[in-house]
Structures are given as structure tokens and as C-alpha cells.
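S.K.: Okay, structure incoming, though there's no sequence with it:
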């Protein structure tokens, strides 16, 4: 039974209006289970999807859907003012270089996964590279909504929900 809705939100909820593709970019940095879920769900949500993986050996093992772009670093060709950059591993040696590259772009939002209970390694990595405090402050950590995520899929859902809330200037959670 087809529904006819004049409200775009209702039309989308009933499947009468597909998610628009191409207006937003989701950049997942480092091949990881969280990145895999982020990119899958992100594509379903209408994001252009990019996986940044500087390790060529790891990138060769990534399954590559048709919609996924692969890159070895974050660059302005895809990290524009509509891009959200999510670093999915805070223990990689390339963390400082990747974040420095992301901060050189016009990316709308940059974040690093990590627990607020542990020291944020990206801060030291960026300071070692001479990155100024205002740029370091652009990097969000922790990321996503606080829903008690434990699995890679749950972390991806919480992260994407947080990005959508931020993009729509909403607090997230159940505050309306």
C-alpha cells in the first residue's frame, strides 16, 4: 500500500522518499570493524563514503563495495565542508599525521574514538607535530551518543546518530 505524504520526514519514514546521496561525506579512518559498520550504515543514510587506510597491506584486504572510495590519507578532494571524519583507532602510529592532514582540510567535523576514562593520545601526537591548540580543540573525543555501546556495530550507530544530531543542531538523546 503506497502512502502519499506531504511532510518529507513522513515520506522518508514510509519509504516514499529515499535518502539523498552525495550531499554529505563520511570519512572513516583506518580499516577496522567499526569503520566497516560506519561505512555500511553511512551509505544507507545517504553519505558518500571514503575509507582512509595508509597501510597498503590492510587496504588490500578490505571488501570494497562499489560506492566506497579508498584513500591513503585525508585530503581536500573529499574532505570538504560537508565531510565528517571519524578516526576509528587511536593506537595507530599514523594518528598524528592523519589528524594533521584532516585538520588541513575544510572537514565539517573531525573525531577520534576513545574512552573519556583514558588519556587522549591524539593530543600529544598533534602537539608533537606542532599543531596549535585551536586546531587540536577541533578534534572531538569521545564521539557519538552515550548509549553504552560495546560492539563495533553499536559504536557505529552511536557515532552516526551523534553526527546526525550535530549536523542538525540537535542535542541527541531524548531531549527534544
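M.R.: Yep, that arrived. Values in this document were obtained by computation on a predicted structure and should not be read as measured data. Numbering: from 1, shown residues only.
S.K.: mind showing which ranges of the chain have poor pLDDT?
M.R.: 1-5, 8-9, 11-13, 15, 17-22, 174-176 (pLDDT under 70).
S.K.: and residue 62, how many neighbours does it have?
M.R.: 15 (other Cβ atoms under 10 Å). Placement of C-beta: from N, CA and C, glycine included.
S.K.: which residues does the residue lying closest to it once chain neighbours are set aside contact?
M.R.: Once flanking residues are discounted, residue 62 sits nearest to residue 31: 5.2 Å by Cβ to Cβ, 6 or more residues apart in numbering. Shown in contact with residue 31 (Cβ atoms under 8 Å, 6 or more residues apart in numbering): 51, 53, 55, 58, 59, 61, 62.
S.K.: which of the residues you listed count as buried?
M.R.: 51, 53, 59 (16 or more other Cβ atoms under 10 Å).
S.K.: Spatially central residue for the chain, please.
M.R.: A centroid search over the chain (Cα atoms, centre = their mean) returns residue 86, at 3.4 Å, as the residue closest to the centre.
S.K.: Give the pairing partners of the helix or strand containing it; include direction for each.
M.R.: Residue 86 is part of strand 83-87 when elements are defined by DSSP states H and E. In the sheet, strand 83-87 lines up against strand 24-29 (parallel), strand 109-112 (parallel) (DSSP bridges).
S.K.: Show me the helices in this protein, by range?
M.R.: 8-13, 33-44, 56-60, 95-103, 121-128, 133-136, 152-167 (DSSP state H).
S.K.: Redo those as CSV? Include distance to residue 80.
M.R.: Output for the helices of the chain, formatted as CSV (distance: least, Cβ to Cβ, whole Å):
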stretch, distance to residue 80
helix 8-13, 24
helix 33-44, 16
helix 56-60, 22
helix 95-103, 12
helix 121-128, 21
helix 133-136, 18
helix 152-167, 14
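S.K.: Which one of these lies nearest to residue 25?
M.R.: Evaluated over these, closeness to residue 25 peaks at helix 33-44, with 9.1 Å, by Cβ to Cβ.
S.K.: one step back: looking at the strands paired with strand 83-87, which one is packed in the most?
M.R.: Of all the strands paired with strand 83-87, strand 24-29 has the most neighbours on average by mean count of other Cβ atoms under 10 Å, namely a mean of 26.
S.K.: quick revisit: of the helices of the chain, give the one that comes closest to residue 67.
M.R.: That would be helix 33-44 among those, by Cβ to Cβ, at 5.3 Å.
S.K.: Name the residues of the closest one that are buried.
M.R.: Applying 16+ other Cβ under 10 Å to helix 33-44 flags 34, 35, 36, 37, 38, 39, 40, 41, 42, 43 as buried.
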